[in-house]
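Asks: need coordinates for the following:
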Amino acid sequence: MTGLSTDIAGIKAAVALAQIAGGAIDHAASKGIYPLISAMRDSGMMLAAPSEIRRRADRVLVIGDDAFEDAPDMPDYLFDETPDLGKPTRGVERQILWLGAGDDMPDLPESVALHGIDCAGDDLLDALSAIRAELAGHQHGAGPLPAPTVQFVAEWLKEAAFGCAIFAPASLDSLTIEMLAGLVFDLNAETRFTSLPMLRSDQAFAAAQATTWTTGFPLRSGFGRGYPDHDPHLYRGEWLIADGEADLAVHVAALDGEDEIEPEWSGKVPVVALCGEATDWTHPPKIAFAVATAGRDHDSVLYDNRFGGFVPVAASRTGEDAGGRMTAAAVLAAIAAHLGQTTTEAAA
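Replies: Numbering: from 1, shown residues only. Here you go, the predicted model:
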């Protein structure tokens, strides 16, 4: 199972089908969130909803020059007004410290005080490590930031009444995100601090959450042994296909803008495609289901980055305009039901 660009019902149906078929499951865009998944799985992380940061955070640490590249509308939403919730931060000027600020930072609302610190992307891990050591009162050697800068950042963070670290998972490696998570944990010993990842709108994080609460493991899991088996390398979808480990791919792309994109691995294995259209593929699917688009042709539940959770989305098309197609969830469930019946008959 790959693709998984669909609503939560479609993702859950895909997991159920993979379990019955003894297959593996991955999201086409999981590479962009896997540093976050890895850090959360291995060390945990404190996360906040964007609305809470908008209303409470007086100090925000932004990490990496492209922190908002995948969410260009978020700066205005988060920072267009001063905090208005909670006595310690209500009405105070919001301060933003941008670690790794580049030359193309987005324009931020005038209501914030912005201070940028140059730091190459490859040096962010060492910079965060030094800041964390400074906070703990430990010695740290020469690094990408001068010692006075490290001291300044550490003191600035400690003075937060309600702080937040913002980052783009796709632009950082798992070790850097783990170091950031540890920094946030350390800060909570004396103040309130949390973190907020800037996620893409492709529902990859939704798929990671759904597979976790369904199977106990995040994405990149297999069911060939009769039970969920998690391995982020063994069950990476495109690698399974490229290495000849898979002999069939079920590809789900039922989101607006994602439904006609041909995967890079197309043509290597037979494909059962659940898309809006797949007629223009260079390597057409073996079987193609023209399914309804989630949130456009039918009511759906999708992960909303601005809300920081799952929200109901009413169909923007109704009646004849919706096309009368089956949902991805319905098609997957029908395949699973038939496959389950066949398996039961064979066992009998």
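
Asks: for the protein, what spans make up the helices?
Replies: With DSSP state H applied, the chain shows helices at 8-21, 34-43, 50-56, 74-79, 124-136, 147-158, 174-187, 204-215, 237-242, 328-347, listed in chain order.

Asks: now do the longest one against helix 8-21, angle only.
Replies: By that I understand helix 328-347. 20 degrees (axes from the mean of the first three to the mean of the last three CA atoms, to 10 degrees).

Asks: which strands or helices does helix 328-347 pack on?
Replies: Under the contact definition 3 or more CB pairs under 8 Å, 6 or more residues apart in numbering; DSSP states H and E, helix 328-347 sits against helix 8-21, strand 249-253, strand 271-275. Every residue, glycine included, has its C-beta placed from N, CA and C.

Asks: who are the contact partners of the residue most central in space within the chain?
Replies: When the chain is reduced to its mean C-alpha position, the closest residue under CA atoms, centre = their mean turns out to be residue 205, at 3.6 Å. By CB atoms under 8 Å, 6 or more residues apart in numbering, the contact set of residue 205 is 33, 36, 199, 303.

Asks: which residue is the nearest non-sequential neighbour of it?
Replies: In space, and not counting its chain neighbours, residue 205 is closest to residue 199: 5.0 Å by CB to CB, 6 or more residues apart in numbering.

Asks: residues near that neighbour, how many?
Replies: As a burial measure, the neighbour count of residue 199 was computed by other CB atoms under 10 Å and equals 23.

Asks: now do the contacts for it.
Replies: With the criterion set at CB under 8 Å, 6+ apart, residue 199 makes contact with 33, 70-71, 169, 205, 303, 305.

Asks: residue 175 contacts residue 128, doesn't it?
Replies: No. Using CB atoms under 8 Å as the test, residue 175 is too far from residue 128 to be in contact (9.8 Å).

Asks: of those two, which one has the most company?
Replies: residue 128 (28 against 15).

Asks: if I look at the residue nearest to that one when sequence neighbours are not counted, how far off is residue 217?
Replies: With CB to CB, 6+ apart as the measure, residue 179 is the residue that lies nearest to residue 128, at 4.6 Å, once sequence neighbours are left out. Distance, residue 179 to residue 217, by CB to CB, to the nearest Å: 24 Å.

Asks: tell me how many other residues surround residue 122.
Replies: 10.

Asks: same deal with the one 3 residues further on?
Replies: Number of residues near residue 125 (other CB under 10 Å) recorded here: 19.

Asks: can you put the helices of the chain in JSON lines and add distance to residue 164 and mean pLDDT?
Replies: Written out in JSON lines, the entries for these read as follows (distance: least, CB to CB, whole Å; pLDDT from 0 to 100):
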{"stretch": "helix 8-21", "distance to residue 164": "26", "mean pLDDT": "95"}
{"stretch": "helix 34-43", "distance to residue 164": "16", "mean pLDDT": "91"}
{"stretch": "helix 50-56", "distance to residue 164": "5", "mean pLDDT": "94"}
{"stretch": "helix 74-79", "distance to residue 164": "9", "mean pLDDT": "92"}
{"stretch": "helix 124-136", "distance to residue 164": "15", "mean pLDDT": "95"}
{"stretch": "helix 147-158", "distance to residue 164": "11", "mean pLDDT": "95"}
{"stretch": "helix 174-187", "distance to residue 164": "9", "mean pLDDT": "96"}
{"stretch": "helix 204-215", "distance to residue 164": "18", "mean pLDDT": "92"}
{"stretch": "helix 237-242", "distance to residue 164": "33", "mean pLDDT": "91"}
{"stretch": "helix 328-347", "distance to residue 164": "35", "mean pLDDT": "81"}
